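curious how this folds, go ahead:
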Amino acid sequence: MKRILPLLALFVFLLTSCSYEPGVSEAFNKYRFKDGVVTISVPGWLVHLAANMGELEESEREILESIDKVKVIAVEDDHLNQKINLHEEFYSRISQNEDFEELMVVREEDQNVTIFGKMDDDVIKELLILVGGEDNALIYVKGEIRPELLNDKVDLTDPNRFLSFKH
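All right, here's what the predicted structure looks like:
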């Protein structure tokens with residue numbers, strides 16, 4: 001019995017922590033072991049722990065406490081960046097999901113960025129930032145984020161940094 005209980009707890013944890021997000025899961029499955037690609041998955045409990053560390057403003061702490069999961073794919077290898085385009089590869093798959101709504105689109109000659117959101121009531125349940133072209137990245141955030149928290153902290157006017165945080 002002592003051995004079964006920890007195994008059962010581990011199974012329940014794995015079952016509840018696994019989820020399938022169209023486009024996001026495929027991208028992670030395809031690129032997570034490729035050389036030159038950095039993949040990061042951060043569970044909510046670790047994000048919440050980070051919210052209690054360091055000197056953060058209350059609104060920054062609230063944002064971190066409202067996040068349940070973060071996944072990031074970033075292509076770091078310049079040669080690989082020239083060969084792939086995450087935006088072209090996964091845009092149609094993600095946009096076909098009727099739950100996601102395009103919140104912002106930026107099209108440039110050598111870069112495409114689309115921000116998708118899944119809203120429920122007055123909160124953002126899922127946020128997906130898809131970047132392709134000269135740089136390639138996919139950032140997925142799941143939680144219950146109130147949009148007004150982001151309004152005060154996100155600065156879209158800085159041309160040198162995408163979604164740079166105000167200080």
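
quick one: the closest residue to residue 87 other than its chain neighbours from residue 90, how far?
Leaving aside its chain neighbours, residue 87 sits nearest to residue 132 (2.4 Å; criterion: Cβ to Cβ, 6 or more residues apart in numbering). Quick note: C-beta positions are derived from backbone N, CA and C, even for glycine. For residue 132, the distance to residue 90 (Cβ to Cβ, to the nearest Å) stands at 8 Å.

for residue 58, same thing?
35 Å.

what about these two, which has more around it?
residue 90 (22 against 7; other Cβ atoms under 10 Å).

SS state for that one?
helix (DSSP: H, G, I helix; E, B strand; the rest coil).

for it, give its distance to residue 45.
Residue 90 is 28 Å from residue 45, by Cβ to Cβ.

just give the closest residue to the residue positioned nearest the centre of the chain, not the sequence neighbours.
In the chain, the residue lying closest to the centroid (Cα atoms, centre = their mean) is residue 140, at 1.6 Å. Leaving aside its sequence neighbours, residue 140 sits nearest to residue 71 (Cβ to Cβ, 6+ apart; 4.3 Å).

what count of nearby residues applies to that neighbour?
20.

if I pick it, what's in contact with it?
Taking Cβ atoms under 8 Å, 6 or more residues apart in numbering, we find residue 71 in contact with 24, 28, 39-42, 138-140.

of those residues, which belong to strands?
Of the positions in the contacts of residue 71, 39-42, 138-140 sit in strands, assigned by DSSP state E.

I'd say residue 147 and residue 121 touch.
No: applying Cβ atoms under 8 Å, one finds residue 147 not in contact with residue 121, separated by 11.2 Å.

those two: which is more packed in?
residue 147 (12 against 6).

confidence score at that one?
Residue 147 is assigned a predicted lDDT (pLDDT) of 78.

cool, residue 98 as well?
83.

what is the burial count for it?
When neighbours are counted by other Cβ under 10 Å, residue 98 comes out with 7.

got it, and residue 70?
19.

wait, it sits on residue 45?
No: using Cβ under 8 Å, residue 70 makes no contact with residue 45, being 11.8 Å away.

now do the contacts for residue 76.
36-38.

before we move on, the earlier item: any quick ChimeraX command for the buried ones out of the contacts of residue 71?
This is how ChimeraX selects the buried members of these, with burial counted by 16 or more other Cβ atoms under 10 Å:
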select :24,28,138,139,140
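
output the contacts of residue 71 as CSV; include the columns distance to residue 99 and pLDDT.
Converted to CSV, the contacts of residue 71 look like this (distance: Cβ to Cβ, whole Å; pLDDT from 0 to 100):
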residue, distance to residue 99, pLDDT
24, 12, 75
28, 19, 84
39, 23, 90
40, 24, 89
41, 21, 90
42, 22, 90
138, 17, 92
139, 18, 92
140, 13, 93
